[in-house]
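1. I'll drop the sequence and a predicted model, then ask my questions.
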Amino acid sequence: MKRHHTRDEAKIHAAESPQDGGAGKLPAEEELVPESAEPTPAQEKAAPEKGQQQLQELNDKYLRLYAEFDNYRKRIHKEKEDIRKYGNESILYELLPVVDSLELALKHGTCDPQGGLLQGVEITLKEFQRVLDKFGVKRIEATGRCFDPAVHHAMVQIEREDMDEQMVAEELRAGYLYGDKVLRPSLVSVSVKPKKQTENQETAERSGEEENTGNNQGIEINQKTEEEQ
């Protein structure tokens, strides 16, 4: 039996045939062409602002990194300078007791000053002091100076009439500076005024204040009397 094609089947058959270049397409179908999305005015305005913001963030990040690196470089440079400047601190500190012993030997020596022993000790001490001076170790001035807690360590207070208060009366052990750094503070005794003298000064000050107060009161009474008259 022959099968009669319906009108719809004929249309489909015609669409599938290679005629008119319509391979596989229905006549009613149209090819969809993507349209290019054009930016809106708001997007066009926001684009430069966003780019400027990103540029500012990158610039801030760069400045922070540069500042951190600069601080790191300065810290490393300072550490190197400190190592170069104070690298011998520990060994020089250990040499100070030797100098103390030599100074005590000269101070309390009972031998003949012209004897060979004391002369040898004195020569040795001078040589030690020369080496210390070569490496930048200086003795801290103490006796007769105003007490400075940064370089002096007070061990005892001594009443002295011939000195002002808070003066170094005596150096008990020498102190030394290593460059700008305190290698070892001086052990010192600090002067104070005698108690009796201090009490007399306080009494005199109180008497002077009372006398001034009495004089002021007398002046006020005289002024009131003159006003009443």
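-> Received, thanks. Keep in mind that this is a model prediction, so the values were computed, not measured.
2. that's a helix at residue 190, yeah?
-> No: the assignment for residue 190, made by DSSP: H, G, I helix; E, B strand; the rest coil, is strand rather than a helix.
3. any low-confidence regions in the protein?
-> For the chain, the stretches flagged by pLDDT under 70 are 1-39, 41-47, 110-115, 196-229.
4. what are the ranges of the helices in it?
-> 7-16, 41-86, 89-107, 116-134, 195-228 (DSSP state H).
5. Skipping adjacent residues, who's closest to residue 105 in space?
-> Counting by CB to CB, 6 or more residues apart in numbering, residue 105 lies nearest to residue 121, which is 5.0 Å off, once chain neighbours are set aside. All C-beta spots, glycine's among them, are computed from the backbone N, C-alpha and C.
6. Would you mind stating the distance between that neighbour and residue 133?
-> Separation of residue 121 from residue 133 (CB to CB, to the nearest Å) stands at 19 Å.
7. which one of these two has more residues nearby?
-> residue 121 (18 against 11; other CB atoms under 10 Å).
8. Tell me who's in contact with the more buried one.
-> Neighbouring residues of residue 121 by CB atoms under 8 Å, 6 or more residues apart in numbering: 102, 105-106, 109.
9. how far away is it from residue 176?
-> Counting by CB to CB, the gap from residue 121 to residue 176 is 20 Å.
10. With residue 194 instead?
-> From residue 194 to residue 176 the distance is 33 Å (CB to CB).
11. Please apply the same query to residue 128.
-> Using CB to CB, residue 128 is found at 12 Å from residue 176.
12. same check, this time on residue 183
-> Going from residue 183 to residue 176 by CB to CB gives 5 Å.
13. Quickly list what's touching both of those two.
-> Contacts common to residue 183 and residue 176, judged by CB under 8 Å, 6+ apart, are 96, 137.
14. Now residue 102. Nearest residue, chain neighbours left out?
-> Counting by CB to CB, 6+ apart, the residue nearest residue 102 is residue 125, at 4.1 Å.
15. and what of residue 163?
-> In space, residue 163 is closest to residue 191, 4.3 Å off (CB to CB, 6+ apart).
16. where's the closest residue to residue 186 other than its chain neighbours relative to residue 167, distance?
-> Residue nearest to residue 186 in three dimensions, not counting chain neighbours: residue 175, with 3.2 Å by CB to CB, 6+ apart. Between residue 175 and residue 167 the computed distance is 16 Å (CB to CB).
17. Likewise for residue 156?
-> Residue 156 is 14 Å from residue 167, by CB to CB.
18. Between the two, point out the one with more neighbours.
-> With neighbours defined as other CB under 10 Å, residue 156 and residue 167 compare such that residue 167 has more, 19 against 11.
19. The more buried one and residue 191 touch, don't they?
-> Yes: Residue 167 is within contact range of residue 191, at 4.5 Å (criterion: CB atoms under 8 Å).
20. is the closest residue to residue 172 other than its chain neighbours in a bridge, and if so with what?
-> Once flanking residues are discounted, residue 172 sits nearest to residue 187: 4.3 Å by CB to CB, 6+ apart. Going by DSSP bridges, residue 187 is paired in beta bridges with residue 153, residue 173.
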